[in-house]
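1. Here's my sequence, what's the structure:
(one chain, ligands or ions: 2)
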Amino acid sequence: MRETYLSWDEYFMGIALLSAMRSKDPQTQVGACIVNKKNRIVGIGYNGFPRGCSDQEFPWEREGDFLKTKYPYVVHAEQNAILNSTGNLSGCRLYVSLFPCHECAKYIIQSGIDEIIFMSDKYANTDSTLASKRMLDAAGVTYRQMGTIAVSIQLELKE
Ligand SMILES: O=c1ccn([C@H]2C[C@H](O)[C@@H](COP(=O)(O)O)O2)c(=O)[nH]1
Ligand SMILES: [Zn+2]
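-> Ligands and ions are numbered 1, 2, ... in the order given. As a prediction, this is how the structure comes out:
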């Protein structure tokens, strides 16, 4: 038997990271993958503009006049994963490449997701993340950080 197969955590985080690579955000690409108790993927998403809002017409800027930045327009990865999901998310886990912001935390809680597995916590000291953790703690949604994963795509094609 092979000893180097991926754990479930590595597998689903790998899918979240692969999804992040679809994002057109030049600064921060986020991917999310929702998994049920049977280890079935039930939702997937990345950060991007809503349907019909073209990347040619909407800005990816971070600074300046609010309406000329990405912030009022971008749909977060977690929100897309929840909106794209196939059914009841009660008891599901969320794999996400960046710790969810306070807005996403509300949707996560209300959807019934009860565990978050994240990689980066680069905005840990911001009010958004502090508010997010406060709500998640109050609601009993647990979260844990995964260290870096080395997923190299290497298939042995045997004749
Ligand atoms: O919970 C979150 C928080 C942020 N995002 C997305 C939204 C933006 O596209 C980027 C953050 O951009 P910065 O330039 O790093 O501020 O990440 C998300 O999908 N989920
Ligand atoms: Zn968010």
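2. Sketch out the low-pLDDT regions of the chain for me.
-> Within the chain, the stretches falling below the threshold (pLDDT under 70) are 150-159.
3. ranges for the helices of it?
-> For the chain, the helices identified by DSSP state H occupy 8-20, 77-83, 102-111, 127-139, in order along the chain.
4. Buried residues, the second one. List them.
-> It refers to helix 77-83. By neighbour count, with 16 or more other Cβ atoms under 10 Å as the criterion, the buried positions of helix 77-83 are 77, 78, 79, 80, 81, 82. Heads up, the C-betas are built off the backbone N, CA and C, glycines and all.
5. Now do the contacts for the second one.
-> Listed by Cβ atoms under 8 Å, 6 or more residues apart in numbering, the contact set of residue 78 reads 30, 32, 45, 94, 96, 100, 104, 107, 108.
6. if I look at the last one, how far off is ligand 2?
-> Think residue 108. Using Cβ to the ion, to the nearest Å, we find residue 108 at a distance of 9 Å from ligand 2.
7. Now for that residue: which residues touch it?
-> The neighbourhood of residue 108, defined by Cβ under 8 Å, 6+ apart, consists of 78, 82, 94, 100, 116, 136, 141.
8. State the phi and psi torsions of the closest residue to residue 124 other than its chain neighbours.
-> For residue 124, the nearest residue in space outside its immediate sequence neighbours is residue 99; the separation is 7.0 Å by Cβ to Cβ, 6 or more residues apart in numbering. Per-residue torsions, residue 99: phi -60, psi 130 (degrees, to the nearest 10).
9. roughly how far apart are residue 99 and residue 58?
-> Separation of residue 99 from residue 58 (Cβ to Cβ, to the nearest Å) stands at 25 Å.
10. Enumerate the residues of this structure near ligand 1.
-> Proximity of the chain to ligand 1 (Cβ under 6 Å from any ligand atom) is limited to residues 25, 27-28, 30, 47, 62, 70, 74, 76-78, 98, 100-101, 104.
11. Just the buried ones out of these, please.
-> Burial of the residues of the chain next to ligand 1 was assessed by neighbour count (16+ other Cβ under 10 Å); the buried members are 25, 28, 30, 47, 70, 74, 76-78, 98, 100-101, 104.
12. Could you identify the most distant pair in those residues?
-> Spanning the widest gap among these are 70 and 100, at 17.3 Å by Cβ to Cβ.
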